[in-house]
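Colleague: please find the sequence and the predicted model below.
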Amino acid sequence: MKVYRKTQKDEERISEITEKYLIDYDRLISIIKALPPHFKNTRETIIKALEEYLMRENLIMAYENEKFYKTRIL
């Protein structure tokens, strides 16, 4: 049975991707909050949608990871 281990090559590739797509949650929130005051409702809707999207993606990843590890253990 092979278990995934992050190699130096993996670290370098992840670093390249992170540098190329330099965006994170805090930066997105700052950009959204910088919208003019008359976009208050839009701003709140965008933030709520972003948080729900991230929750969905995290739950999907957790489910897939759990399934992967259970399959590998059996």
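Modeller: Right, received. Where do you want to start? Numbers count the residues shown, from 1 in each chain.

Colleague: every contact and neighbour count from this point should use C-alpha atoms.
Modeller: Fine.

Colleague: below-threshold pLDDT in the chain: ranges please.
Modeller: Within the chain, the ranges that satisfy pLDDT under 70 run 1-4, 72-74.

Colleague: Arg5: neighbour count?
Modeller: Neighbour count of Arg5, defined by other Cα atoms under 10 Å: 7.

Colleague: now it: which helix or strand?
Modeller: Using DSSP states H and E, Arg5 sits within no helix or strand.

Colleague: could you measure from it over to Asn41?
Modeller: Applying Cα to Cα, to the nearest Å, the value for Arg5 to Asn41 is 45 Å.

Colleague: also Ile23?
Modeller: With distances taken as Cα to Cα, Ile23 is found 23 Å from Asn41.

Colleague: and what of Ile31?
Modeller: Ile31 is 15 Å from Asn41, by Cα to Cα.

Colleague: what does Glu12 give?
Modeller: Note on Glu12: its distance to Asn41, by Cα to Cα, is 41 Å.

Colleague: buried residues, the helix or strand hosting Ile47. List them.
Modeller: Using DSSP H and E, Ile47 falls within helix 40-73. Using 16 or more other Cα atoms under 10 Å as the test for burial, helix 40-73 gives 43, 47.

Colleague: next one: it to chain centre, how far?
Modeller: With Cα atoms, centre = their mean, to the nearest Å as the basis, helix 40-73 stands 8 Å off its chain's centre.
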